[in-house]
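>>> need a 3D model of the sequence below.
(one chain, ligands or ions: 1)
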Amino acid sequence: MPAEIIELSSPAGSVGPGPADDRMFVINPVGKGIAYGMHEDDNGNPYVYLPPWDGPIYAPPVPDEDGHFLHYDNIDDPQFQAAHTYASIRFTLDVWEGYYGRPIEWYFSQYYPQAEVVVLPAFENAQIGRGFIEIGTDVSKIDGKRSPFTLNFDVIAHEVGHGILFTEVGEPDLDKETGEFLGFQESSGDVVSMIAALHFDSVVDEILQSTSGNLYQANHLNRFAETSAIGQIRMASNNSKLSDFSAGWKDSHLLAQPLTGAIFDILVDIFHEELVRTGAISTTLEEISDLLEGSDQYEQRLQGDFDAAYQAHPVTFRHALIYARDALATLLIETWAKLSPDYLKYTDIHSAMISADRRLFDRAYHNIINVNFEWREIGTAIVGPQLPKDNSGSHSHSTKQTDYGPDHSDTLTIATPCSHSKRREDNEPLNNHGLIQTFSENKDDHSAYCTRRRPVPYARRYREARDLNKPAHRQAD
Ligand SMILES: [Zn+2]
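Purely as a prediction, here's the structure:
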């Protein structure tokens, strides 16, 4: 995938060295040994380490005479990486401020009007906290390969997503914070990132061309935060159910997966409904679902239908995906506005989204929302208690800093290029999208993983539920 040059909302001339604007400034500190957040001193006493960084910094990138940063084009250059980090944050804010129709202030703006954005290669993580966003490095647990998160749009946008959610939904009191609130935060960070990424033309094109609109294929959209050709941190398309956590949970990023899966499936269902509505798919969704039984044979037939339909209607597919993206974002904004952070449960998100759909879309997606939340057992399964982590070093949330967790790569999943993606050569790198060329390609053989993570065909679930409750709005399809 080629590099894509993007334009940000910041007027030329308004972004200074760093880059820096009125909302943030990027620094590459010299000798910053530890990340911000909770630490312990030599005597084991906890303390909070917060901005500002008052030590020396490496020379920042500076704008050219026209106010742009295009003259930085070497992805290994720390100045490029600082510019890319700034652009990723600003782009994500632009997208979501566009949906809101207003600025989204930092949740810590009463303490820090600008976020200190720290490039911190020694930090094997990324995080947002009071007054800061810190972007470190991914270290592969497979081969130790280091990939800077400064070049990973998904990861940076995920941190911005945490910030947006803290502003728009709020922060619970500590004694009212549930595991599901933490899972909601992690899930929503991924969803904020995914929707922002769908604003890159190159990403939309690549997704559609590589899947013909059958979004359950492994692709950029559901392979969140790709760190190599076939490795990524999480998958939006997953089979996780809430009952997986009935005995308890250890990692909020994993607890997030049923919710992320439900939201992703809702996106796909809205997209496919739009394709049916516009006639880009000649058969109805019900007929497609009748073809889907989860077998390879049926999946091949479905893919064949998608290939043919996409070739015939590529522009309609594009419009449908963009419609679904915007419909979901609008639905989410309305949903989030109805939530309280205290004692939050995923069922609250379900009912808020049902209500948002009623207000915004006249119940057009009522059944889609219900089917996907219910399939994830949200509303039936009960989340168990928080269990001790396998390793120490978990962060306190007392400063409301959120991150991938110290063991974020425990949640690494491997996509299945061997089972799908006929249009993609297995040795073709899945480039990191965004502003840059790929920075990481892992050609190791991970075929042992390739039998996992096959999503249950959504349409089968849809049909199962439809038999019980056929939605009125679908009768015209
Ligand atoms: Zn996170």
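
>>> can you tell me the element the closest residue to the ion within the stretch 251-400 of the chain falls in?
Proximity to the ion, evaluated over the stretch 251-400 of the chain using Cβ to the ion, is greatest for residue 253 at 6.6 Å. Placement of C-beta: from N, CA and C, glycine included. Element membership of residue 253 [criterion: DSSP states H and E] is helix 252-255.

>>> show me the strands in the stretch 51-200 of the chain, by range?
Taking DSSP state E, counting those that start in this stretch, the strands of the stretch 51-200 of the chain run over residues 115-119, 126-129, 132-135, 137-139, 146-148.

>>> got a pLDDT number for residue 291?
Listed pLDDT for residue 291 reads 51.

>>> for residue 205, which non-adjacent residue is closest in space?
Spatial nearest neighbour of residue 205, chain neighbours left out: residue 318 (7.9 Å); criterion: Cβ to Cβ, 6 or more residues apart in numbering.

>>> can you check residue 74 too?
residue 80 (5.6 Å).

>>> how about the contacts made by the one you found?
61, 72-74, 436 (Cβ atoms under 8 Å, 6 or more residues apart in numbering).

>>> near the ion, list only the ones from the residues you listed.
Applying Cβ under 5 Å from the ion, the subset of these adjacent to the ion is empty.

>>> any chance of a markdown table for the residues you listed, columns pLDDT?
Converted to a markdown table, these look like this (pLDDT from 0 to 100):
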| residue | pLDDT |
| --- | --- |
| 61 | 96 |
| 72 | 93 |
| 73 | 88 |
| 74 | 90 |
| 436 | 24 |
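
>>> can you tell me the SS state at residue 205?
Assigned with DSSP: H, G, I helix; E, B strand; the rest coil, residue 205 falls in the helix class.

>>> residues near it, how many?
Residue 205: 15 surrounding residues under other Cβ atoms under 10 Å.

>>> repeat for residue 276
Around residue 276 there are 20 residues (other Cβ under 10 Å).

>>> that's a helix at it, yeah?
Yes. Using three-state DSSP, the assignment for residue 276 is a helix.

>>> and it, how close does it get to residue 213?
Counting by Cβ to Cβ, to the nearest Å, the separation of residue 276 from residue 213 is 12 Å.

>>> where do the helices sit along the stretch 51-200 of the chain?
With helices called from DSSP state H, counting those that start in this stretch, the stretch 51-200 of the chain shows them at 78-100, 153-168, 179-197.

>>> with just CA atoms, put the longest one into CSV.
Extracted in CSV, the C-alpha atoms of helix 78-100 (Å, rounded to 0.1, in the frame of the first residue of the first chain):
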residue,chain,number,x,y,z
PRO,A,78,13.2,10.4,14.8
GLN,A,79,12.0,13.8,13.5
PHE,A,80,9.8,12.0,10.9
GLN,A,81,8.4,9.8,13.7
ALA,A,82,7.6,12.8,15.9
ALA,A,83,5.8,14.4,12.9
HIS,A,84,3.9,11.2,12.3
THR,A,85,2.9,10.9,15.9
TYR,A,86,1.6,14.5,15.9
ALA,A,87,-0.3,13.9,12.6
SER,A,88,-1.8,10.7,13.9
ILE,A,89,-3.2,12.4,17.0
ARG,A,90,-4.4,15.4,15.2
PHE,A,91,-6.0,13.3,12.4
THR,A,92,-7.9,11.2,15.0
LEU,A,93,-9.1,14.3,16.7
ASP,A,94,-10.1,15.8,13.4
VAL,A,95,-12.2,12.8,12.5
TRP,A,96,-14.0,12.6,15.8
GLU,A,97,-14.4,16.4,16.2
GLY,A,98,-15.9,16.3,12.8
TYR,A,99,-18.6,13.8,14.0
TYR,A,100,-19.2,15.8,17.2
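
>>> and it, what's buried?
78-96 (16 or more other Cβ atoms under 10 Å).

>>> circling back: list just the one of the helices of the stretch 51-200 of the chain that sits closest to residue 314.
helix 179-197 (19.9 Å; Cβ to Cβ).

>>> relative to helix 78-100, how tilted is the closest one?
Angle, helix 179-197 to helix 78-100, by axes from the mean of the first three to the mean of the last three Cα atoms, to 10 degrees: 100 degrees.

>>> what's around the residue lying closest to residue 325 once chain neighbours are set aside, how many residues?
Computed as Cβ to Cβ, 6+ apart, the closest residue to residue 325 that is not its neighbour in sequence is residue 198, at 4.6 Å. Neighbourhood size, residue 198 [other Cβ under 10 Å]: 22.

>>> repeat for residue 241
Count around residue 241 with other Cβ under 10 Å applied: 18.

>>> how about the contacts made by it?
With Cβ under 8 Å, 6+ apart, residue 241 has these contacts: 258, 375-377, 381.

>>> need those residues in TSV (columns: pLDDT).
Shown next, in TSV, are those (pLDDT from 0 to 100):
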residue	pLDDT
258	93
375	89
376	92
377	92
381	89
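
>>> and stretch 180-196, C-alpha only, in CSV?
Extracted as CSV, the C-alpha positions of stretch 180-196 are listed here (Å, rounded to 0.1, in the frame of the first residue of the first chain):
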residue,chain,number,x,y,z
GLU,A,180,-16.6,-3.7,32.2
PHE,A,181,-15.8,0.0,32.3
LEU,A,182,-12.2,-0.8,31.7
GLY,A,183,-13.1,-3.2,29.0
PHE,A,184,-15.4,-0.6,27.5
GLN,A,185,-12.5,1.9,27.5
GLU,A,186,-10.2,-0.6,25.7
SER,A,187,-12.8,-1.6,23.2
SER,A,188,-13.8,2.0,22.5
GLY,A,189,-10.1,2.9,22.0
ASP,A,190,-9.9,0.3,19.3
VAL,A,191,-13.2,1.4,17.7
VAL,A,192,-12.2,5.0,17.7
SER,A,193,-9.0,4.0,16.0
MET,A,194,-10.7,1.8,13.5
ILE,A,195,-13.2,4.4,12.4
ALA,A,196,-10.4,7.0,12.2
